[in-house]
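In: The sequence and its predicted three-dimensional model are supplied below.
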Amino acid sequence: MNEVKSRPAPWRSEDWWSCYIGWAILLLAVFELLPAGPKLGKGWTDIKEWKDISEILPAGAGATAVATLKVLGVILAGSLLAGAFLKFDVKKFIPGFIVLFVLSFLAFVLSNQKLMNDWGIEYVLFALIFGLIISNVFRTPAILKAAGLTEFYVKVGLVCLGAEIMFTSILEGGTYGILQALLVATTVWFLTYWICRKFGVGERFSAIIASANSICGVSATIAAGGAIQGKPKEISYMVAWVLVCAVVLIVVMPPIAGALGLSPEWAGAWMGGVIDNTGAVIAAGESLNFGDEAKNKAALDAANLVKMAQNVLIGLAAFLIALWGTISLDRKENPNLQKPSFMEVWYRFPKFVIGFVVASIVVTYVVQGIWDESFAKAVGTACKGYRNWFFALCFVSIGLETNFKELVSVGGGRPAIAYWISQLANALWTLFVAWVLWSGDIFPVPALK
């Protein structure tokens, strides 16, 4: 088998197209050409927190429709451009995409209901539920199958995520956040992998679960799955469990932190290290109440800092997993394989991780250097809006391809049991590490901005 010939050219690679589209969104944001870009800030969707239906669209239905259609146009145009090279079934893709977009919009609306906001229930969970209902109660239509491009959407979203991460913001917190991220990620990865193997989970699947549990949930799951060439069903399975776990942790971790009497920074760093999704970390951090606005802010800042530091590790983790899979795991499974070259690692490495890192570097050092920090953050906010849309499309797609019964029955339930045991171990280890670094009992607590 000639492996080199089987690899697509850069213009026919889904990974590279996720970079092209993500970078294009970033450039449009920088030059303020992106619909609902930096000048509109957080109000780009015009969907606010609401109790009554009349409060959903404060800007009016017409203004919201126009703003949303502009976003639809940008995302659809980029997807169709990629589709021309990736051979999408355009006749089915366009109507299916519009349905997915509408379901994503509804997920945003429901997640902004006040009770959902208070409980920290994110739009991605509603998006997943919509997909699960369609696939498990009804029969998934062909147009939705054609548009349900799970990995494509999440890869573009991850490139956009890079524009939200400012390296300078991480460095402002000193070495604490980075040190915790390294201590937690490395220890929890190997511990989770060991537990999964003890439960009879395959090596590739164990690596995916370990990455999801130790680094940053969904993003790490997709990156690790691509790097190690995991099965799509296993990746979707793990993503679903990460979302379920995030909801549980949002509910249980804040009261546990209060009962243990953790300091604000200690509590925030603990949750930032354990909860896998960035949005869920923020929701949990905002649930903490120390009776003082400054202390509440300190907890949330620590949580965000630790989570950003873990997000930065995505690229390094993907590279190391690709290296391990190429030079060791592949040959272990097939002893007749020739010794791989360095280029084989490059072929295996998820290119969207490069897109993620490049976007972060551009915003941190180019945009901030030419303009200023406030504009760089505004660009990140604009990219975050589009990242949310791509993630919503991704999670609807995951639901469409997930059988709910399989969530608890895959591998006889062993992967799920191993994951939850590992998550408990993660919580205990991270509580200890956060105590050492953030409690003030051993080292002085850093001043966070």
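Out: Cool, the structure landed. Note that the coordinates shown come from a computational prediction; the quantities given were computed from them, not determined experimentally.

In: From now on I want contacts and neighbour counts done on CA atoms only, so please keep to that.
Out: Noted.

In: ok now do the most centrally placed residue in the chain, which residues does it touch?
Out: The chain has residue 219 as the residue nearest its centroid, 3.8 Å off, counting by Cα atoms, centre = their mean. By Cα atoms under 8 Å, 6 or more residues apart in numbering, residue 219 lies in contact with 154, 158, 212, 314.

In: Which ones among these map onto helices?
Out: If you go by DSSP state H, the contacts of residue 219 have 154, 158, 314 in helices.

In: still on that earlier bit, and the pLDDT at the residue nearest to the centre of the chain?
Out: Residue 219 is assigned 75 on the pLDDT scale.

In: and it, what helix or strand is that in?
Out: helix 218-227 (DSSP states H and E).

In: same deal with residue 186?
Out: Here residue 186 is assigned to helix 176-198, by DSSP H and E.

In: which helices and strands does that helix pack with?
Out: helix 203-211, helix 264-274, helix 293-324, helix 414-438 (3 or more Cα pairs under 8 Å, 6 or more residues apart in numbering; DSSP states H and E).

In: sorry, back to before: can you give me the angle the helix holding residue 219 makes with helix 203-211?
Out: With axes from the mean of the first three to the mean of the last three Cα atoms, to 10 degrees defining the directions, helix 218-227 sits at 160 degrees from helix 203-211.

In: The following helix or strand past helix 218-227: how far from the chain's middle?
Out: Next along the chain after helix 218-227, taking DSSP H and E as the criterion, comes helix 232-260. Here helix 232-260 shows a centroid-to-chain-centroid distance of 13 Å under the convention Cα atoms, centre = their mean, to the nearest Å.

In: so how far is residue 216 from the nearest residue to residue 426 once chain neighbours are set aside?
Out: Nearest residue to residue 426, sequence neighbours excluded (Cα to Cα, 6 or more residues apart in numbering): residue 188, at 6.0 Å. Counting by Cα to Cα, to the nearest Å, the gap from residue 188 to residue 216 is 12 Å.

In: Among those two, which residue is more densely surrounded?
Out: residue 216 (27 against 24; other Cα atoms under 10 Å).

In: So that one sits against residue 277, correct?
Out: Yes: with contact defined as Cα atoms under 8 Å, residue 216 and residue 277 form a contacting pair (6.1 Å).

In: Mutual contacts of the two, please.
Out: Counting by Cα under 8 Å, 6+ apart, nothing touches both residue 216 and residue 277.

In: low-scoring stretches of the stretch 201-350 of the chain, by residue?
Out: 278-279, 282-283, 286, 333, 335-345, 348 (pLDDT under 70).

In: can you tell me which of the helices and strands packed on helix 176-198 comes nearest to residue 360?
Out: Taking Cα to Cα, helix 293-324 is the member of these nearest to residue 360, at 9.3 Å.

In: could you say what helices and strands the following helix or strand past the closest one packs with?
Out: Heading C-terminal from helix 293-324, the first helix or strand you meet, by DSSP H and E, is helix 330-333. On a contact count with 3+ Cα pairs under 8 Å, 6+ apart, helix 330-333 meets no helix or strand.

In: Could I get the buried residue list for helix 330-333?
Out: residue 330 (16 or more other Cα atoms under 10 Å).

In: re the thing from before, quick one: contacts of the helix holding residue 186?
Out: Under Cα under 8 Å, 6+ apart, the answer for helix 176-198 is 170, 202-203, 206-207, 209-211, 213-215, 269, 273, 302, 305-307, 309-310, 415, 418-419, 422, 425-426, 429-430, 433-434, 437-438, 446.

In: Just the buried residues of those residues.
Out: By 16+ other Cα under 10 Å, these give 170, 203, 206-207, 209-211, 213-215, 269, 273, 302, 305-307, 309-310, 415, 418-419, 422, 425-426, 429-430, 433-434, 437-438, 446 as buried.

In: Put the alpha carbons of stretch 190-197 into CSV.
Out: Provided in CSV are the C-alpha atoms of stretch 190-197 (Å, rounded to 0.1, in the frame of the first residue of the first chain):
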residue,chain,number,x,y,z
PHE,A,190,-1.5,8.7,32.3
LEU,A,191,-3.8,7.8,35.3
THR,A,192,-6.9,7.8,33.1
TYR,A,193,-5.2,5.8,30.4
TRP,A,194,-4.1,3.2,33.0
ILE,A,195,-7.6,3.0,34.4
CYS,A,196,-9.1,2.6,31.0
ARG,A,197,-6.7,-0.2,30.1
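
In: quick one: contacts for residue 213?
Out: 188-189, 192, 276, 419, 422-423, 426.

In: which of those has the weakest pLDDT?
Out: Lowest pLDDT among the contacts of residue 213: residue 276, 76.

In: ok, now which ones touch that residue?
Out: 212-213, 215-218, 242, 246.

In: One more: residue 295?
Out: residue 264.

In: swap in residue 11?
Out: Residue 11 neighbours (Cα under 8 Å, 6+ apart): 17, 85.

In: How much space separates it from residue 18?
Out: According to Cα to Cα, residue 11 stands 11 Å off from residue 18.

In: Can you report how many residues neighbour the closest residue in space to residue 306 that isn't next to it in sequence?
Out: Among residues not flanking residue 306 along the chain, residue 177 sits closest, at 4.7 Å (Cα to Cα, 6+ apart). As a burial measure, residue 177 scores 29 neighbours (other Cα under 10 Å).
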